[in-house]
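**Q** From the sequence below, what's the structure:
(chains A and B)
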There are 2 protein chains.
Amino acid sequence: MPLPDAEIDALLDAWPVARLATSAPDGRPHLVPIVFARSGGALWSPIDGKPKRSAALARVRNIERDARVALLLDHYDAEWSRLWWIRVDGRASLVGGDASAEAALRAKYPQYRSVPLYAGEPRLLRIGCERVTSWSAGAQPVARTEI
Amino acid sequence: MPLPDAEIDALLDAWPVARLATSAPDGRPHLVPIVFARSGGALWSPIDGKPKRSAALARVRNIERDARVALLLDHYDAEWSRLWWIRVDGRASLVGGDASAEAALRAKYPQYRSVPLYAGEPRLLRIGCERVTSWSAGAQPVARTEI
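**A** As a prediction, this is how the structure comes out:
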């Protein structure tokens, strides 16, 4: 069954990690974990100072060609009645700094006190939500307190 | 830096959850969490008895049109030096029962003692690996013991 709207809202604000799917130029799906924060009705993920496999990030190249993305928040638990996921289908764009988004990211992730918010010049993925789909296995609100 | 091969091998065997990206007929990426087990050099994920949003699964419809998939195993940790991910790019096909894969799934997931391994007739996604990419933030082998 779907998650209650209030829970989706709380999880989009507080869940620490999501997986971002984009389409590569050849149409193959590409997948990477990201951190993100919500601000101004969108989700934002910085091209931050965590070490990267490559300076020319596939996620950036991909959304420049096809802006359509899927973002998945989910919880795995050995107790399968506690499983849930939220999928956001949307469109991503690459933008320079955004003060509100930066504040939201720094408030959500104290790690940015030591890790640079940006690797080089300010770059953020802005993900506008077009559709939110959710699923949970349990009949009752379950422990999502591990946020 | 990449993970050591031996760690990739161990994680592909034991990590309990992955996120599967497929391409929808309109080219949009689609994303869902899956359980999986390794058997015979491939990764297998059953269309199992966990409740589903819909009987006509998007992941099945998608791979029938475009077999190319990406699978992501990753660990989020508030200590960012412990982050890692493994991405498998491959091709998926839908197959009927496979005795070895079923045994591997039942061995990996005791949950299948109570949850049916199949929702209806036997159907498994078989994901053949074409390329494995990995990344880890840390300079040293980190705690991947939470498996």
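**Q** Tell me the first helix or strand C-terminal of whatever helix or strand residue A:45 lives in.
**A** Following DSSP states H and E, one finds residue A:45 within strand A:42-46. Using DSSP H and E, the helix or strand that follows strand A:42-46 towards the C-terminus is helix A:58-65.
**Q** ok, and what's touching that next one?
**A** Here helix A:58-65 makes contact (C-beta atoms under 8 Å, 6 or more residues apart in numbering or on different chains) with A:20, A:22-25, A:30, A:32, A:34, A:47, A:69, A:92-94, A:123, A:125. The way it works is simple: take the backbone N, C-alpha and C, and place the C-beta from them, glycine included.
**Q** Show me what residue A:29 is bridged to.
**A** residue A:23 (DSSP bridges).
**Q** Okay, helices next: where are they in chain A?
**A** Along chain A, counting by DSSP state H, helices occupy A:5-14, A:58-65, A:99-108.
**Q** So which of these is nearest residue A:77?
**A** Taking C-beta to C-beta, helix A:5-14 is the member of the helices of chain A nearest to residue A:77, at 14.4 Å.
**Q** mind listing what's buried in the closest one?
**A** By 16 or more other C-beta atoms under 10 Å in any protein chain shown, the buried positions in helix A:5-14 come out as A:7-8, A:11-12.
**Q** try stretch A:25-42
**A** For stretch A:25-42, by 16+ other C-beta under 10 Å, it's A:28-39, A:42.
**Q** How about stretch A:64-80?
**A** By 16+ other C-beta under 10 Å, the buried positions in stretch A:64-80 come out as A:66-77, A:80.
**Q** Check stretch A:49-59 too.
**A** For stretch A:49-59, the neighbour count (16+ other C-beta under 10 Å) marks A:49-50, A:57-59 as buried.
**Q** how close does residue A:12 get to residue A:28?
**A** Counting by C-beta to C-beta, to the nearest Å, the separation of residue A:12 from residue A:28 is 28 Å.
**Q** wait, what's in contact with the closest residue to residue A:105 other than its chain neighbours?
**A** Nearest non-adjacent residue to residue A:105, counting by C-beta to C-beta, 6 or more residues apart in numbering or on different chains: residue A:37, 4.5 Å away. Residue A:37 is in contact with A:43-44, A:101, A:104-105, A:107-109, counting by C-beta under 8 Å, 6+ apart.
**Q** Please consider this matter closed, and thank you.
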